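Chemist: Quick one: sequence and predicted model below, then my questions.
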Amino acid sequence: MKIDIEDIIISEAKEGHVEDWTYVFLKGLSSYRWMSRFIKDQNISEVDIEISYIDDVKHKNPNDLFLIAHYNKIPVGIIRLEEYWLPKTMKILSHFPLVILRYQRSGIGSLLVKEAIIRAQKIGFTNIWSECWSKDKREISVYQSFFEKIGFKNESNRLEMNCNLDRFKSKNFPDKQELTKIISSNLSDEFVETMSKSYTVSNDKLHIIENLGDPIVCRGFLMKTHSIFERIGLDVKFILSKYKEQNCAAMMIASSKYKGMVLEIGVRPEFRKLKIGQTLIVDFLNELKDKKCKEVILGVDEENMPAVNLYLKLGFQQTWFGSMFLLHDYEKLGLKNKT
């Protein structure tokens, strides 16, 4: 549909925009077959989305952004950004921007991104990431094409992997007698040091790009992760592992009655190839299985083949595909580069 882009009005979305936001959300996702099926299969109703939106707006971080675009008073597009864990960084959430099908390919999506970045820069944010998750790689390719066209670069392809504990058998994975563990609800200096050292040499691109080998950066990341998962009701634990009395590995986990998550795991380079990572994960799987938990979920870089192969060996399956994009060329959006 041909429109005059100058007639697009973008404003902050508030509680009063709940009907407009929900309308665009459902209509925008309808152009993506898999996400449409997902909403239908999960029995997510219009009322569910309205309730979720109002709750998100009420409890959002002061710096998070919810923007909505209107054309001739008709809601046509939305975008949502949240403060990322990296300093001065915001992230465009998965499947945003969303534009109603009949108004796509008219520049509304890139206009929403541009306006969001302008607003983010005004409050001190200089780096913009974006992510997209789906069970259909074709949907991700659509977003990759869009974001690369407006100056973003694909930094990491991600996998979410799931292990059904009803089918997990650990008899082929013996314990390592030399390995001891310290489990805590609190983040210790030893844990941060061990995790950051494990990330100085990593096959996961984000560990390098986001400088997680720096203990200060790593601490901020771990604290932010802890806050996110604790806020949604999961029990978060930090596991520091010692091999022959030396700190060798660290694992951050979260769990509920029905689900467990490996949030982060790292083995220091000098202790690799001793199957320490395997032992830590197997122990976690067994513990949750004994508690009648149903599944364990983790995320990994698609190109980190040693980790991917280990998870496949343990019975994990690929469930979701994701991509992380970082804005490099601000000029493609008609903006000045970050300062």
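Modeler: All right, it came through fine. Numbering: from 1, shown residues only.

Chemist: Walk me through the domains of this protein.
Modeler: 5-157+324-333, 169-314 (automatic domain parsing).

Chemist: Reformat these as TSV; add distance to Cys163 and mean neighbour count.
Modeler: Where you see a C-beta, it was placed from the backbone N, CA and C, and this is true even at glycine. Shown next, in TSV, are those (distance: least, Cβ to Cβ, whole Å; neighbours: other Cβ atoms under 10 Å):
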stretch	distance to Cys163	mean neighbour count
domain 5-157+324-333	17	17
domain 169-314	5	17
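
Chemist: could those go into JSON lines alongside mean pLDDT?
Modeler: Shown next, in JSON lines, are the domains of the chain (pLDDT from 0 to 100):
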{"stretch": "domain 5-157+324-333", "mean pLDDT": "93"}
{"stretch": "domain 169-314", "mean pLDDT": "92"}
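
Chemist: distance of Leu93 from Asp64?
Modeler: Using Cβ to Cβ, to the nearest Å, Leu93 is found at 10 Å from Asp64.

Chemist: Quickly list what's touching both of the two.
Modeler: The contact sets of Leu93 and Asp64 overlap at 80-82 (Cβ atoms under 8 Å, 6 or more residues apart in numbering).

Chemist: Dump those into CSV; add distance to Trp320 as well.
Modeler: Compiled in CSV, the shared contacts of Leu93 and Asp64 are given as follows (distance: Cβ to Cβ, whole Å):
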residue, distance to Trp320
Arg80, 19
Leu81, 21
Glu82, 19
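
Chemist: From Leu111, how far out is the closest residue to Leu165 other than its chain neighbours?
Modeler: The shortest distance from Leu165 to any residue other than its chain neighbours is 4.5 Å, reached at Lys289 (Cβ to Cβ, 6 or more residues apart in numbering). Lys289 is 50 Å from Leu111, where distance means Cβ to Cβ.

Chemist: Report the backbone C-alpha coordinates of the helix or strand Leu263 falls within in PDB.
Modeler: In the assignment (DSSP states H and E), Leu263 maps to strand 259-267. This file holds the C-alpha atoms of strand 259-267, laid out as PDB (Å, rounded to 0.1, in the frame of the first residue of the first chain):
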ATOM      1  CA  LYS A 259      11.400 -26.700  34.100                       C
ATOM      2  CA  GLY A 260      15.200 -26.200  34.500                       C
ATOM      3  CA  MET A 261      17.500 -23.800  32.600                       C
ATOM      4  CA  VAL A 262      21.200 -23.700  32.100                       C
ATOM      5  CA  LEU A 263      21.700 -20.000  31.900                       C
ATOM      6  CA  GLU A 264      25.400 -19.900  31.600                       C
ATOM      7  CA  ILE A 265      28.200 -22.500  31.800                       C
ATOM      8  CA  GLY A 266      31.900 -22.000  31.400                       C
ATOM      9  CA  VAL A 267      35.100 -24.100  31.800                       C
END
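
Chemist: Cool, thanks, signing off.
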